[in-house]
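Asks: Any chance you can model this:
(5 chains)
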Amino acid sequence: MIIYESNKSWLRDVKHLYRSYTMQKIVRSTLWVGAGMALISYLVIDVFKLTHWRIETGTFSLLGIVLSILLVFRTNSAYDRWWEGRRQWGNLVNNCRTLAMLLHAALPASDLPSRRYLAAHIANFCLALKEHLRGGVKINELIHVSPEEQALYATKNHLPNYIATQIQVQVQEKVRSGDLTGEDLINIKMHTQTLLDVAGACERIKKTPIPFSYNVYLKLYISAYTLILPFGLLPDFGYAGIGLIMFIFFAFIGVELMAEEIEDPFGLDCNDLPIGDIAHTIKQNVYELLEVGHPEETRPKELYQKVF
Amino acid sequence: MIIYESNKSWLRDVKHLYRSYTMQKIVRSTLWVGAGMALISYLVIDVFKLTHWRIETGTFSLLGIVLSILLVFRTNSAYDRWWEGRRQWGNLVNNCRTLAMLLHAALPASDLPSRRYLAAHIANFCLALKEHLRGGVKINELIHVSPEEQALYATKNHLPNYIATQIQVQVQEKVRSGDLTGEDLINIKMHTQTLLDVAGACERIKKTPIPFSYNVYLKLYISAYTLILPFGLLPDFGYAGIGLIMFIFFAFIGVELMAEEIEDPFGLDCNDLPIGDIAHTIKQNVYELLEVGHPEETRPKELYQKVF
Amino acid sequence: MIIYESNKSWLRDVKHLYRSYTMQKIVRSTLWVGAGMALISYLVIDVFKLTHWRIETGTFSLLGIVLSILLVFRTNSAYDRWWEGRRQWGNLVNNCRTLAMLLHAALPASDLPSRRYLAAHIANFCLALKEHLRGGVKINELIHVSPEEQALYATKNHLPNYIATQIQVQVQEKVRSGDLTGEDLINIKMHTQTLLDVAGACERIKKTPIPFSYNVYLKLYISAYTLILPFGLLPDFGYAGIGLIMFIFFAFIGVELMAEEIEDPFGLDCNDLPIGDIAHTIKQNVYELLEVGHPEETRPKELYQKVF
Amino acid sequence: MIIYESNKSWLRDVKHLYRSYTMQKIVRSTLWVGAGMALISYLVIDVFKLTHWRIETGTFSLLGIVLSILLVFRTNSAYDRWWEGRRQWGNLVNNCRTLAMLLHAALPASDLPSRRYLAAHIANFCLALKEHLRGGVKINELIHVSPEEQALYATKNHLPNYIATQIQVQVQEKVRSGDLTGEDLINIKMHTQTLLDVAGACERIKKTPIPFSYNVYLKLYISAYTLILPFGLLPDFGYAGIGLIMFIFFAFIGVELMAEEIEDPFGLDCNDLPIGDIAHTIKQNVYELLEVGHPEETRPKELYQKVF
Amino acid sequence: MIIYESNKSWLRDVKHLYRSYTMQKIVRSTLWVGAGMALISYLVIDVFKLTHWRIETGTFSLLGIVLSILLVFRTNSAYDRWWEGRRQWGNLVNNCRTLAMLLHAALPASDLPSRRYLAAHIANFCLALKEHLRGGVKINELIHVSPEEQALYATKNHLPNYIATQIQVQVQEKVRSGDLTGEDLINIKMHTQTLLDVAGACERIKKTPIPFSYNVYLKLYISAYTLILPFGLLPDFGYAGIGLIMFIFFAFIGVELMAEEIEDPFGLDCNDLPIGDIAHTIKQNVYELLEVGHPEETRPKELYQKVF
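Replies: Model (predicted):
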């Protein structure tokens, strides 16, 4: 995700346009369409002299309204995924903090092994989930994992599930041994459950893009719309119409491409969520709350820098 | 559901247009309208010479705005059903995982019969629900069901309800026998409840399409709109207007047909949810979490292939 | 509610147009407007010759946009009520099933009197709620009610409340007698609570239509808009403009009347929710889950038939 | 709130237009604008003869679209407040009923003093909250309050908070004395909590109107828009344009004023929520559920009457 | 936040326009655009005489619709943040009140030290969270903090987390010592959890503005749109078109700048939430509910005054 301060200076943000891959892609495809239109204009105006084929602006408005409305739907559904992904990771932050708080209050201050075990497993759940959503867990990125555990982890189909289960098993054992009470079990269980809920919700967002028909329909529509635009604008504007067509195309393609980018918010695109950062924040918070030391320096982020 | 990677290449998705039945249907009905319009144009222009009957573009814009707004409503309500169906099945995934995790932590590791019994019943609930939403449970698709149970299952009106109840009964018996505690009962009960909640929510989505009046009104409106379009476009464009009418019809009919398709998301249409796949994923996860073996190979899916 | 299969055949649904009272009403009022406009046209064109009084299409578009936007608001708020009503009754289904499941698992299999008592009360709650939302509970529709109970029921202002309370009282007594545990009480209480929550939510939907000002404003606006339409369309179209005015009126009045119809979803209009059917389904489910017999035949519904 | 039956007769509602203060205000300000426009028209047409200063309809459409979209935002955010207020009071109804039901089932039937104490406090909470949202609690409106309690109540900054706390204190004492169990405490606590949640949510709605900038911006925009309208309509229509300007102004001002009215739904405006009525309904329900007598006659409401 | 009474007088609010920084900024940038346009107009009309370069209004409408739709998205997503921030702080109010109520009912009336300790920590959590969201906790603003605690607090990365944990630790100790029961622990735990949930949700809102691409795209679009406006309006209006361009620019820039302002609702901008006020209200409420004295005068706020 590109970090920026909103509400400062109008032009400063625009100057950093090229930090965003999607803005690059939009600008580039607009230029390609401009080139194509230049060719078409030459054919229409000078070669075949078809400028009497003319579509009224009203028709473009009507078709443009339908298209706009589809793009609203596209944008909203994509943004909802992005924002729900953000909310899920926000939940994860809250949930891990609460879990750590409850364990800190309920476990004896002296039971350092359990505290370390649980802190490491909560942190590892987040680290594992992050890569699970990106293509596959990187076991060597996890912390405090012994080689035997690494070998065991490698056999699991769904590692985040397994790590969460280990937390619940550990808590249940503490209940059996009398270190924790039945009420603690009820309180803590809600939060191991939420670990799995967040994981499942993120998988759902990742695996369910907008239905295929909508995707294809929109692309077909934008392509067809752009192809009939010359018959609306060239008769009046001549070659100057190319600029206008490029602007209109920029309007529609921009909305579509930005929607595509944020639809899957867990990747490494420049507008994707900084779930790597969030996972590290959770790790820090959990260690601080459980009062078991874990040195971690915070590094300041540069504005407009991409962070993951 | 058709699997595809979003955000890759603009034209690649469009080339697979014909994978989607709905896109086929849209293109086909647009061609039929084109044929009908050719006939009407011939009658209007050459036979009855009515091109002085002429409706201004402004009127079409006004009527088109009302129509667009109705289509937005249609699209949103259909998509909400589709997405809520997806969320419910996501809930089911999370819930079954959590249920398995809780049972794994609470049951003695040695109590393999209970583990197998519960794993099979959770998996069977999902498999039964899937077919329950599609026309009727296929009892022979369920796993680890003895012939007597098959006979019993066949007498039940609502099999998913019955299977969920068996899970709750088994848990309550374990509580009575002292293997589980009262706190476990409170924790686990939330998840047998969610099984029924998901089943009920999916039934609701399936059984409640958009009110009949809206359905009929929209079809009437689109038909009437298309029928007056020639009086708006033929006077200016002549036969070339047929192409424009087809495009406008394509715009409106496409939105309506795609909405109809995703409105009932549990069928076998090409944009329907892959609830078969999800049920199998749950089966695998539950067996892995409860640590009772159940061999299941994963098969990679081809891109753009329809999966159910 | 009119039952229909969506996504089958375009024209089949339109042919059943007259099954919907609202569609009848829309078509009828459009014809009346047509008649009125014929008179106005005669006066404007032939008697007073006012065709030089002429309002541009742009003005109608502007006013039409405001109106469309109001109608979107109207449609969405009405549909939200309808859909929330459906969700509440879906909740009721889920809740009654879960309540029956919990009671079945927790009560001794031999305690048939309690099972019958509770099954009858859950079913009666739903039957009473249905009529409570329609004008007044019909006590003789309830099942297994002794004459003394009937007399008692007749004295209650809010019968569904009373029936739900009886369930809670019965459960609490079972807890006192030791048949149920404190954990069972916590588990079951959530579901007697939901009974009251659903009843309250349905009362809220029923008693709170859209604010009066919006209702009046919209009717005033549509009336005024229709009255100035002749000055926009007659100058160009002459008598043929009557058809266009009727179409535009059809567009606006249709959206308003359909919204009015679904706003109170618990009545007996043809698009209202089939809460009678749902109540009977719950009765069946509850008896099946509690394993106390209650013969009830299911009758197949004809397509496009109205069911309540 | 004005009570009316929706979906009956088109013109009957319009005839009662003047029952709504806001409709009066809209009509009145539209007439004032008409008078102002008559003056401007006279100056523009006959005194300064400026009818050649002319703005195209397209420009008004463009500016009108932006305005419409802002008004949609305004309407939705105001209506959300109104509807959330209604939902909160619906919650309060459900919650008080459930609280009464739980207390009725858990308290010994013979403990009439506790029942009376709790019934009075639940009812008083609602009565106090109603006036708390309107300007200050009227202590003499509360029921069964001894003079000493009245003096005590008068010292409290936040009386609803205090009354809810008294309920919780009473319940906790019953737990300490053994009349209620720990499970009852868990069950009942959720509902004393909801009392405070509803109070807080209503305070939030009341104290947070739409941000000041939006409020001012909209008023500025509507004023400026109305002031340039003459240059769009007078050149074509002459004095007849005054009617059209009034209609357009009516469209925009109506939406804004209705939104302003429902934004704070707890006052005594004619579209505000009937929270007085609701509080009295709760009082009745609670006394009936706890089976302690409290005579209260129900009075039928006239249609279109304002009730508070 | 600027306090104002809605729904009183139309012009009174407009006169206070300059209380809002954002309105100042909008007016100022509109004036700058006016100046720039005057120059461009001079160049276009009198120097280069380009008034025959002319873009139809239809094109502006089309582009304006896309822009409006983007601005709707912008406004809604910004307002959602603002309103969710308000809801979170509303939650915090409710939650702190309920926590105080539960502690008041459960703790012995004589245990003043615990009451004071918990009241101070709840109040400090809110005070710390407020500044945590604004740039860094000001430890000397907290109440009843001993110098040793101040030193300890200064070492914490996330002070609100730490304070909430102290509350939970204190409660757990009271449970261990028998002053509170296991049921109290379950009841109270939900509210220490909510403290962390609110903190996390506010951090999420603060740290996640709208994706960078949308931000840049919108600014680019508005700039480009304004730059081509002269070719649409100058040919018809000449120098008088400057006014119209300023109005159109005012429409678009206003929506964008107001959205930017409310997007981060926790700052000190004039439309930001009065979280300082809310934190002080909570402090007062908590002390009143726990019945430990804490003198605090309430100061009336002037209308239209900015409060933080």
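
Asks: mind checking how far the longest helix anywhere in chain A is from the chain centre?
Replies: In chain A, taking DSSP state H as the definition, the longest helix is helix A:57-106. Counting by C-alpha atoms, centre = their mean, to the nearest Å, helix A:57-106 is centred 9 Å from the centre of its parent chain.

Asks: Next, the angle helix E:57-106 makes with it.
Replies: 20 degrees (axes from the mean of the first three to the mean of the last three C-alpha atoms, to 10 degrees).

Asks: Show me what the helix or strand following helix A:57-106 packs onto, helices and strands only.
Replies: Going down the chain from helix A:57-106, the next helix or strand is helix A:112-132, by DSSP states H and E. Helices and strands touching helix A:112-132, as assessed by 3 or more C-beta pairs under 8 Å, 6 or more residues apart in numbering or on different chains; DSSP states H and E, comprise helix A:57-106, helix A:159-176, helix A:182-207, helix A:275-289. C-betas here are computed from N, CA, C, even on glycine.

Asks: Relative to residue A:118, how far out is residue A:150?
Replies: Separation of residue A:150 from residue A:118 (C-beta to C-beta, to the nearest Å): 19 Å.

Asks: ugh, wrong one, residue A:199
Replies: For residue A:199 relative to residue A:118 (C-beta to C-beta), the value is 18 Å.

Asks: The longest helix of chain A and chain E, any residue contact?
Replies: Yes: residues of helix A:57-106 contacting chain E under C-beta under 8 Å from any C-beta of the partner chain: A:57-58, A:60-61, A:64-65, A:68, A:71-72, A:75-76, A:79, A:82-83, A:86-87, A:90-91, A:93-94, A:97-98, A:101-102, A:104-106.

Asks: between that helix and helix A:182-207, how big is the angle?
Replies: Going by the same axes, to 10 degrees, helix A:57-106 makes 150 degrees with helix A:182-207.

Asks: what is the rounded mean pLDDT of helix A:57-106?
Replies: Averaging pLDDT along helix A:57-106 gives 91.

Asks: got the CA positions of stretch A:15-30 in PDB?
Replies: Written as PDB, here are the backbone C-alpha positions of stretch A:15-30 (Å, rounded to 0.1, in the frame of the first residue of the first chain):
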ATOM      1  CA  LYS A  15       3.000  14.500  -8.900                       C
ATOM      2  CA  HIS A  16       3.400  11.100  -7.300                       C
ATOM      3  CA  LEU A  17       1.100   9.600  -9.900                       C
ATOM      4  CA  TYR A  18       3.700   7.200 -11.100                       C
ATOM      5  CA  ARG A  19       4.100   5.500  -7.700                       C
ATOM      6  CA  SER A  20       0.900   3.700  -8.500                       C
ATOM      7  CA  TYR A  21       1.200   0.800 -11.000                       C
ATOM      8  CA  THR A  22      -2.500   1.100 -11.800                       C
ATOM      9  CA  MET A  23      -2.200   4.800 -12.600                       C
ATOM     10  CA  GLN A  24       0.700   3.900 -14.900                       C
ATOM     11  CA  LYS A  25      -1.400   1.200 -16.600                       C
ATOM     12  CA  ILE A  26      -4.400   3.600 -17.000                       C
ATOM     13  CA  VAL A  27      -2.200   6.300 -18.600                       C
ATOM     14  CA  ARG A  28      -0.500   3.800 -20.800                       C
ATOM     15  CA  SER A  29      -3.600   2.300 -22.100                       C
ATOM     16  CA  THR A  30      -5.100   5.700 -22.700                       C
END
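
Asks: Touching it from outside, list them.
Replies: Contacting residues not belonging to stretch A:15-30 are listed as A:2, A:4, A:246, A:249-250, A:253-254, A:257-258, A:261, A:269-271, A:304, A:306, B:10, E:212-213, E:216-217, E:220 [C-beta atoms under 8 Å, 6 or more residues apart in numbering or on different chains].

Asks: Okay, and the spatially most central residue of chain A sits in which element?
Replies: By C-alpha atoms, centre = their mean, chain A has its centre lying nearest to residue A:265, at 1.3 Å. In the assignment (DSSP H and E), residue A:265 maps to no helix and no strand.

Asks: If I follow the layout properly, it ends up in contact with residue A:87?
Replies: No: contact criterion C-beta atoms under 8 Å: residue A:265 and residue A:87 do not qualify, at 10.7 Å.

Asks: ok, residue A:195 - contacts?
Replies: A:92, A:95, A:96, A:125, A:160, A:164, A:167.

Asks: Any chance of TSV for these, columns neighbour count?
Replies: Formatted as TSV, those follow (neighbours: other C-beta atoms under 10 Å in any protein chain shown):
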residue	neighbour count
A:92	27
A:95	24
A:96	28
A:125	31
A:160	27
A:164	29
A:167	23
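
Asks: thought residue A:2 was touching residue E:210?
Replies: No: taking contacts as C-beta under 8 Å, residue A:2 lies outside contact range of residue E:210: 11.4 Å.

Asks: The closest residue to residue A:157 other than its chain neighbours - how many residues pack around it?
Replies: Distances taken as C-beta to C-beta, 6 or more residues apart in numbering or on different chains place residue B:288 nearest to residue A:157, at 5.9 Å, with adjacent residues excluded. Neighbour count for residue B:288, taken as other C-beta atoms under 10 Å in any protein chain shown: 23.

Asks: Quickly note the distance from residue B:288 to chain C.
Replies: Distance check for residue B:288 against chain C: by C-beta to the nearest C-beta, to the nearest Å, it reads 27 Å.

Asks: just residue A:260 next, same as before
Replies: 27 Å.

Asks: From chain D, how far off is the one residue in chain A that gets nearest to chain B?
Replies: Using C-beta to the nearest C-beta, the closest approach of chain A to chain B is made by residue A:58 at 3.0 Å. Look at residue A:58 and chain D: by C-beta to the nearest C-beta, they are 11 Å apart.
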